[in-house]
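[1] model this:
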Amino acid sequence: MAKGEIVRLTDRGFGFIKPEGSDKDLFFHANELEGVEFNDLKEGDAVTFEEAQGDKGPNATKVSRA
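    Purely as a prediction, here's the structure:
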């Protein structure tokens, strides 16, 4: 599992994670959350996730609070 920080959340059910040691943010959708509700997240929260390749490039899956 990779570690990162939520850097942006939208009101449309998705957001972006800044992985540790990377300058490129990863997209994630609320459907990929595990053990936490989207509305309970806030920018700056530490998370763990897995990186996957989606139709539009890399994204975060299996996202949970660290």
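[2] Which residue ranges of the protein form helices?
    Here the chain has no helices by DSSP state H.
[3] Give me the outermost residue of this structure relative to its centroid.
    Within the chain, the residue lying farthest from the chain centre (CA atoms, centre = their mean) is Asp55, at 16.5 Å.
[4] Now that residue. Its backbone dihedrals?
    Backbone geometry at Asp55, expressed as degrees, to the nearest 10, gives phi -60, psi -30.
[5] Could you report the separation of it from Asp25?
    Asp55 is 17 Å from Asp25, where distance means CB to CB, to the nearest Å. (Each C-beta comes from the backbone N, C-alpha and C, glycine too.)
[6] what's the answer for Phe38, then?
    Applying CB to CB to Phe38 and Asp25 gives a distance of 17 Å.
[7] Quick check: end-to-end length of stretch 6-25?
    End-to-end distance of stretch 6-25 (CA to CA, to the nearest Å): 9 Å.
[8] which parts of it are buried?
    Ile6, Leu9, Phe14, Gly15, Phe16, Ile17, Lys18, Pro19, Asp25 (16 or more other CB atoms under 10 Å).
[9] Which strand residues bridge the fourth one?
    This means Gly15. Here Gly15 sits in beta bridges with Leu9, Phe28, going by DSSP bridges.
[10] can you pull the contacts of it?
    Applying CB atoms under 8 Å, 6 or more residues apart in numbering, we find Gly15 in contact with Ile6, Val7, Arg8, Leu9, Phe27, Phe28, Leu41.
[11] and with 10 Å instead?
    Residues in contact with Gly15 (CB atoms under 10 Å, 6 or more residues apart in numbering) are 6-9, 25-30, 33, 38, 41, 43, 45, 47, 60, 63.
[12] In strands only, show me these.
    Secondary structure assignment by DSSP state E places Ile6, Val7, Arg8, Leu9, Leu26, Phe27, Phe28, His29, Val47, Ala60, Val63 of the contacts of Gly15 in strands.
[13] Surely the fourth one and Asp45 touch.
    Put plainly, it is Leu9. Yes - using CB atoms under 10 Å, Leu9 is in contact with Asp45, at 9.2 Å.
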